[in-house]
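1. my questions are about this predicted structure, shown below with the sequence.
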Amino acid sequence: MSHFVLVVVIIAIALVFDYINGFHDAANSIATVVSTRVLTPGVAVLWAAFFNFVAAFALGTGVAATIGSGFVQVRLVTPWVVLAGLLGAIVWDLLTWYWALPTSSSHALIGGYAGAAIAKAGLTGLVAGKWGITVLFIVLSPLIGMALAYLLMVGVYWVFQRFTPAQMDRHFRRYQLVSAGLFSCAHGTNDAQKTMGIITAVLVAGGIQKDFHVPSWVIAASSVSIGLGTMSGGWRIVRTMGTRLTRLRPRSGFCAETGAAISILFATWLGLPVSSTHAIAGAIAGVGSIQRTRAVRWQLAGGIVMAWVLTIPAAALVSAFVYWAIRAFVPGA
């Protein structure tokens, strides 16, 4: 296989990952609006996919730069390292989708990329870069989403105190269309940038371009892929997020989506790859706990958190094995 063909194949696999990211994380974008019956599942995925696509062009490429150069030594990266990282992330995403666990495609990609780099060069393959703050946001992102959603619910009950719950929900059935679109925008701009970073990294590693900048065609291809993936849906995870974690109404769905969207947009502004899954799960728990803490199935939430903790090391381990297998057949990979 020629060097150029290898780069093309890896780009194609990266776009497949982006597609899987879309259907794996579609639940994050549509679980609340489907579970509250504001939109049917089919309309909801089209709504989310549209905003996924639009948002990819909206907030720059800071997250892409972090993914491409903020975690591993760029000088050590070869196309084979990128390939192993992608395959590890894809395997972990498919496994957690099969288990109906709403884990983070973002952290699977980070873990896979790091695992392949470590397999090639040991811990010297990593850079301090954004590791500390990214790991910190594994905790902060759901907490910020939870706090914001809780405060929004308090504000909603105060503003609409003269309304009955049924009257409130009639209003919020319309408002939730806005909040679902906002959350899909946040998801699209942060998540699609991760694939942009990986594709740009392989372009640099393959000698196609000299420095790290994200070409327009990469932005377009990544946004289309994640949008198509979202349109495919992720119904197994929708049930976990939208009905099993807590019971949602249009008013609580609006607050959960808005709180999670603000959390993700804040991290995107900082150039950090965060998990839309973490943010929306925390926000859903926040709106559920305002009524009573027992309204949230904390045992299920604990299982989700455990999957979050395992994602980076598990994806890294899978990618390391993939890289070692590649090197066994491709000396110098």
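-> It's in.
2. which of the helices and strands in this protein ranks last by mean pLDDT?
-> One helix or strand of the chain scores below all others by mean pLDDT, DSSP states H and E: helix 235-239, with a mean of 49.
3. quick one: low-confidence parts of the protein?
-> Residues of the chain meeting the criterion pLDDT under 70: 1, 24-29, 31, 56, 58-59, 100-102, 233-247, 291-308.
4. all helices of it, in order?
-> Secondary structure of the chain (DSSP state H): helices at 3-35, 41-55, 62-69, 79-98, 105-121, 131-159, 165-205, 216-232, 235-239, 250-269, 276-289, 298-329.
5. now those in CSV, with mean neighbour count?
-> Glycine gets a C-beta too; all of them are placed from N, C-alpha and C. CSV is the format used below for those (neighbours: other Cβ atoms under 10 Å):
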stretch, mean neighbour count
helix 3-35, 23
helix 41-55, 21
helix 62-69, 24
helix 79-98, 24
helix 105-121, 28
helix 131-159, 19
helix 165-205, 23
helix 216-232, 21
helix 235-239, 19
helix 250-269, 26
helix 276-289, 29
helix 298-329, 18
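6. apart from its neighbours in sequence, what residue is nearest residue 202?
-> Residue nearest to residue 202 in three dimensions, not counting chain neighbours: residue 82, with 4.5 Å by Cβ to Cβ, 6 or more residues apart in numbering.
7. the one you found touches residue 9, doesn't it?
-> No: counting by Cβ atoms under 8 Å, residue 82 stays clear of residue 9, with 10.7 Å between them.
8. what's near enough to touch the residue nearest to residue 202?
-> 10, 14, 113, 116, 198, 201-202, 205 (Cβ atoms under 8 Å, 6 or more residues apart in numbering).
9. I'd like to know how far residue 156 sits from residue 71.
-> 39 Å (Cβ to Cβ, to the nearest Å).
10. typo on my end, it should be residue 177
-> Distance check for residue 177 against residue 71: by Cβ to Cβ, it reads 37 Å.
11. what does residue 36 give?
-> To residue 71, residue 36 is 37 Å away according to Cβ to Cβ.
12. ok, now residue 276?
-> For residue 276, the distance to residue 71 - Cβ to Cβ - is 19 Å.
13. now residue 316
-> Counting by Cβ to Cβ - residue 316 and residue 71 are separated by 11 Å.
14. quickly list what's touching both of the two.
-> Contacts common to residue 316 and residue 71, judged by Cβ under 8 Å, 6+ apart, are residue 114.
15. mind checking how far the residue lying closest to residue 53 once chain neighbours are set aside is from residue 186?
-> Excluding its sequence neighbours, the residue lying closest to residue 53 (Cβ to Cβ, 6+ apart) is residue 227, at 4.1 Å. As judged by Cβ to Cβ, residue 227 and residue 186 stand 14 Å apart.
16. would you confirm that residue 85 contacts residue 109?
-> Yes: contact criterion Cβ under 8 Å: residue 85 and residue 109 qualify, at 7.2 Å.
17. so what sits against both of those two?
-> residue 198.
18. on that earlier part again, residues contacting the residue nearest to residue 53?
-> Shown in contact with residue 227 (Cβ under 8 Å, 6+ apart): 22, 49-50, 52-53, 188.
19. which ones are touching the residue lying closest to residue 268 once chain neighbours are set aside?
-> Excluding the flanking residues, the one nearest residue 268 by Cβ to Cβ, 6+ apart is residue 190, at 4.8 Å. Residues near residue 190 by Cβ under 8 Å, 6+ apart: 63, 106, 264, 267-268, 273-274, 276.
20. same thing but at 10 Å, please
-> Residues in contact with residue 190 (Cβ atoms under 10 Å, 6 or more residues apart in numbering) are 55-56, 59, 62-63, 106, 264-265, 267-268, 272-276, 279.
21. of the residues you listed, closest to residue 77?
-> Using Cβ to Cβ, residue 273 is the member of the contacts of residue 190 that lies nearest residue 77, at 16.9 Å.
22. that closest one reaches residue 108, doesn't it?
-> No: at 11.0 Å, residue 273 does not count as touching residue 108 under the criterion of Cβ atoms under 10 Å.
23. and for those two, which residues touch both?
-> residue 194.
24. what residue in this protein is the furthest from its centre?
-> residue 162 (38.3 Å; Cα atoms, centre = their mean).
25. quick one: that one from residue 155, how far?
-> For residue 162, the distance to residue 155 equals 15 Å [Cβ to Cβ].
26. only alpha carbons, please: show stretch 165-184 as CSV.
-> This file holds the C-alpha atoms of stretch 165-184, laid out as CSV (Å, rounded to 0.1, in the frame of the first residue of the first chain):
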residue,chain,number,x,y,z
PRO,A,165,-47.7,21.9,35.6
ALA,A,166,-49.9,21.2,32.5
GLN,A,167,-49.9,24.9,31.5
MET,A,168,-46.1,25.1,32.0
ASP,A,169,-45.5,22.0,29.8
ARG,A,170,-47.7,23.5,27.0
HIS,A,171,-45.3,26.4,26.8
PHE,A,172,-42.2,24.4,27.2
ARG,A,173,-43.1,22.0,24.4
ARG,A,174,-42.3,24.9,22.1
TYR,A,175,-39.3,26.1,24.0
GLN,A,176,-37.8,22.7,24.0
LEU,A,177,-37.4,22.8,20.2
VAL,A,178,-35.0,25.7,20.8
SER,A,179,-33.1,24.0,23.6
ALA,A,180,-32.8,20.8,21.6
GLY,A,181,-31.4,22.8,18.7
LEU,A,182,-29.0,24.6,21.0
PHE,A,183,-27.7,21.3,22.5
SER,A,184,-27.3,19.8,19.0
